[in-house]
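Chemist: Pasting a predicted model and its sequence here:
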There are 2 protein chains.
Amino acid sequence: MRADFDALAAIGATPAGGVSRPTFGDAHLAARAWFLERARAYGLATRVDAAGNHSAILTAGGPTLLLGSHLDSVPDGGRFDGALGVVAALHVLVALRGSELRCALEAIDFTDEEGTLVGLLGSEALAGTLRPGSLAAPRGGRERLLDGLARAGLREERLPEARRDPASLAGYLELHVEQGPRLARDGLQIGVVTGIVGARSFSLDFRGEAGHGGTTPMDARRDAGLAAAAFAVAANELVLRDFPDCVATVGDLRLEPGAFNVVPGAARLSLEFRSADSALLDALESALSDRALVEADRHGVTVEIEPVGRWEPTELDHDLQAAVERAASALGLRSRRLPSGAGHDAQALAAVTRSAMIFVPSDGGVSHDTREHTSWEACVAGANVLLGTALELAR
Amino acid sequence: MRADFDALAAIGATPAGGVSRPTFGDAHLAARAWFLERARAYGLATRVDAAGNHSAILTAGGPTLLLGSHLDSVPDGGRFDGALGVVAALHVLVALRGSELRCALEAIDFTDEEGTLVGLLGSEALAGTLRPGSLAAPRGGRERLLDGLARAGLREERLPEARRDPASLAGYLELHVEQGPRLARDGLQIGVVTGIVGARSFSLDFRGEAGHGGTTPMDARRDAGLAAAAFAVAANELVLRDFPDCVATVGDLRLEPGAFNVVPGAARLSLEFRSADSALLDALESALSDRALVEADRHGVTVEIEPVGRWEPTELDHDLQAAVERAASALGLRSRRLPSGAGHDAQALAAVTRSAMIFVPSDGGVSHDTREHTSWEACVAGANVLLGTALELAR
């Protein structure tokens, strides 16, 4: 497994020690080709579906237990995010060759988890939950989506053919790095994921009036940038004080015209917040909207709040969580249950089959960065928990 | 004068009713050619100096009384800023043709007041205060400066030749729109400018750590964007509370990486503040620097504060202020003394000759925008005060 992990990390490797494998770029296509080649070398069957999902298959009678993750990465990302889950899944199949199994095992690399094009493109296509709107107005732009599909030899109109009959599936297991600091901070080896938080994102457009920075008196300004900054500060305080189980991020803020000596007439702010609880998301959305209106009013500007993205919280399967815990415990590993703050293919799969996720610690919680790191010992521990859980389900 | 003003406003006119005449662009060069052509048509001498300053001259014995402003504009600027002062100066000369004068009168259009390239390029060259550093690292970039000079047939190494001997000058008078709301708000017709505020500008680089917006707990973040926003809010409060005679502007704020789901790891903020009082500028600089460090520390990030621009307050000539007041009073116009919050060529001229500025009201204080407007009646009133003041000095 280590040799395969290192070989994979060399594909799209960046000088700083990470990987850059955006969906359907050369490095990503090379990584997928490598995956199929390795599967064949291990004597496994392979398959590529209509959404470009790549699979290695250990055939057996009965339904299929999927084990997977993704080989694409964000630009200048880490070598563990996604790749660990795919390589570990492959090696679970390798380890179980020749075993007596009551279901087929399929190690699957899902297309475009990171959202270079759409996000969860392959897993939602497989689950049959890919919405036409996601393709009509994709995150990465329509042109990039069409170019990417063409590069991969895929056709948009055939994506729905990737859908699997839920009756054909025995479940889904995904090993992934935590991408957060909690396991490392608490000295734990395994995270048993209870669910994936929901997220809502909004663009806030504050509009005031541009003015000369030297000649517009302070009390006569309608400074849209100041209103946006005041909202960012107030939103942070509000979440810390009233919504301890949520996170909220102001990830971007652009001022217009954006010059030293001009009072900003417009400000566009990117807001996202997450929680595992839909009711909390509703309450937070309402509180933040109110706050935006208050800050706009206080600074003599207007604000328009436009929803630009939303996914609901996903609960993962309770029986599988218990199975993961048993597998960890059998290996003498310390585990805890925790929600995932990041989105994963498992949230798409949970719509059609019982699904579980296994987390291993990320040093310092660093993610989507070349400095992302998980010790090899932790990776092996996670792979062994994946193996143990798969064995309990497949035997 | 109205016919000339309207003809000039048609050069580089924008659909929205303003003008776009950035330095040495086609429209700016056309406006300057038009100015020389009009001067010759009125029987005046003309001159273009080594810094590209364009002059119409009513020759006489004795030193030269300069009357001027600028024909360049910001992109999509108004038709009054600069242009009014040049056209009015030209018509003062036209009105005084044949009069008995003890000094020459020169209506001058200064090069690049607005800073497309350097800012106050022509007036500082004439005053001999143009610093080599302004040319080595110009505001608009070195390439744009060299291209522009070439387009205008100017040579960088010859710019110092534009310097005038202070003994050759009898003074400088500039009519300009206020670019602020004070005269209009108070129902006054003439502003007698006491001085031009000093300004200091700084780039503040906040550096924290980028993190996944879903997986990085709120209390484990080092959010550079939040620190910058908190500084913007605190700076505004500080100026309003402790520095009522100053203005401060956060004109730009850029977050990195600038994505919905990433805690900003870096934020670059543009800060500028102004006051007519050097001691207040010192005190405010110190207070704002302290505040930036406090906000950085509170949010677990660092901040580097880099000075990127500075001009000292300029006091205008007391005798000339009184002369402007007499001219306004003789015409039955209501005037008040006030500082200019914006920079002007007069601040360069004040270094070498007694200088004064006459303001006329800007509707709503709007400036550097196509909506900039001053009633024609107010323009004529200002031109008559310019004429009256020039007459008192030149007779």
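Modeler: Cool, got the structure.
Chemist: Give me the pLDDT for A:Asp76.
Modeler: The model reports A:Asp76 with a pLDDT of 89.
Chemist: Determine the number of other residues adjacent to it.
Modeler: A:Asp76 has 16 neighbouring residues, counting by other CB atoms under 10 Å in any protein chain shown. Where you see a C-beta, it was placed from the backbone N, CA and C, and this is true even at glycine.
Chemist: again with the one 4 residues further on
Modeler: Look at A:Phe80: counted by other CB under 10 Å, it has 26 neighbours.
Chemist: isn't it right next to A:Val177, touching?
Modeler: Yes. Using CB atoms under 8 Å, A:Phe80 makes contact with A:Val177 at a distance of 4.6 Å.
Chemist: and for those two, which residues touch both?
Modeler: Taking CB atoms under 8 Å, 6 or more residues apart in numbering or on different chains as the contact rule, A:Phe80 and A:Val177 both touch A:Ser362, A:Glu372, A:Thr374.
Chemist: correct me, but the first one touches A:Pro181?
Modeler: Yes. Judged on CB under 8 Å, A:Ser362 makes contact with A:Pro181 at a distance of 7.2 Å.
Chemist: Any chance of the shared contacts of A:Phe80 and A:Val177 in a markdown table with pLDDT as columns?
Modeler: Converted to a markdown table, the shared contacts of A:Phe80 and A:Val177 look like this (pLDDT from 0 to 100):
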| residue | pLDDT |
| --- | --- |
| A:Ser362 | 96 |
| A:Glu372 | 93 |
| A:Thr374 | 98 |
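Chemist: possible to save those residues as a markdown table with distance to chain B and neighbour count?
Modeler: Shown next, in a markdown table, are the shared contacts of A:Phe80 and A:Val177 (distance: CB to the nearest CB, whole Å; neighbours: other CB atoms under 10 Å in any protein chain shown):
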| residue | distance to chain B | neighbour count |
| --- | --- | --- |
| A:Ser362 | 8 | 26 |
| A:Glu372 | 10 | 23 |
| A:Thr374 | 14 | 23 |
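Chemist: Could you save these as TSV and add columns showing distance to A:Ala9?
Modeler: Formatted as TSV, the shared contacts of A:Phe80 and A:Val177 follow (distance: CB to CB, whole Å):
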residue	distance to A:Ala9
A:Ser362	16
A:Glu372	11
A:Thr374	12
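Chemist: Please give the centre-to-centre distance between stretch A:234-252 and its chain.
Modeler: In terms of CA atoms, centre = their mean, to the nearest Å, the centre of stretch A:234-252 is set 21 Å apart from its chain centre.
Chemist: Just the ones in strands from the shared contacts of A:Phe80 and A:Val177, please.
Modeler: The members of the shared contacts of A:Phe80 and A:Val177 all map outside strands under DSSP state E.
Chemist: A:Val87: which of those residues is nearest?
Modeler: Lowest distance from A:Val87 to the shared contacts of A:Phe80 and A:Val177 (CB to CB) belongs to A:Thr374, with 12.4 Å.
Chemist: List the buried residues of the helix or strand containing A:Ser134.
Modeler: Using DSSP states H and E, A:Ser134 sits within helix A:132-136. By neighbour count on 16 or more other CB atoms under 10 Å in any protein chain shown, the buried set for helix A:132-136 is A:Ser134, A:Leu135.
Chemist: What lies in contact with it?
Modeler: Here helix A:132-136 makes contact (CB under 8 Å, 6+ apart) with A:Val118, A:Gly119, A:Leu121, A:Glu124, A:Arg142, A:Leu145, A:Glu156, A:Leu159.
Chemist: Repeat the analysis, applying 7 Å as the threshold.
Modeler: With CB atoms under 7 Å, 6 or more residues apart in numbering or on different chains as the test, helix A:132-136 has contacts from A:Val118, A:Leu145, A:Glu156.
Chemist: The last one and A:Ala150 touch, don't they?
Modeler: Going back to what we said before, that points to A:Glu156. No. Taking contacts as CB atoms under 7 Å, A:Glu156 lies outside contact range of A:Ala150: 9.6 Å.
Chemist: From the contacts of helix A:132-136, list just the buried residues.
Modeler: Among the contacts of helix A:132-136, those buried by neighbour count (16+ other CB under 10 Å) are A:Val118, A:Leu145.
Chemist: Flag the least confident of the contacts of helix A:132-136.
Modeler: Lowest pLDDT among those: A:Val118, 93.
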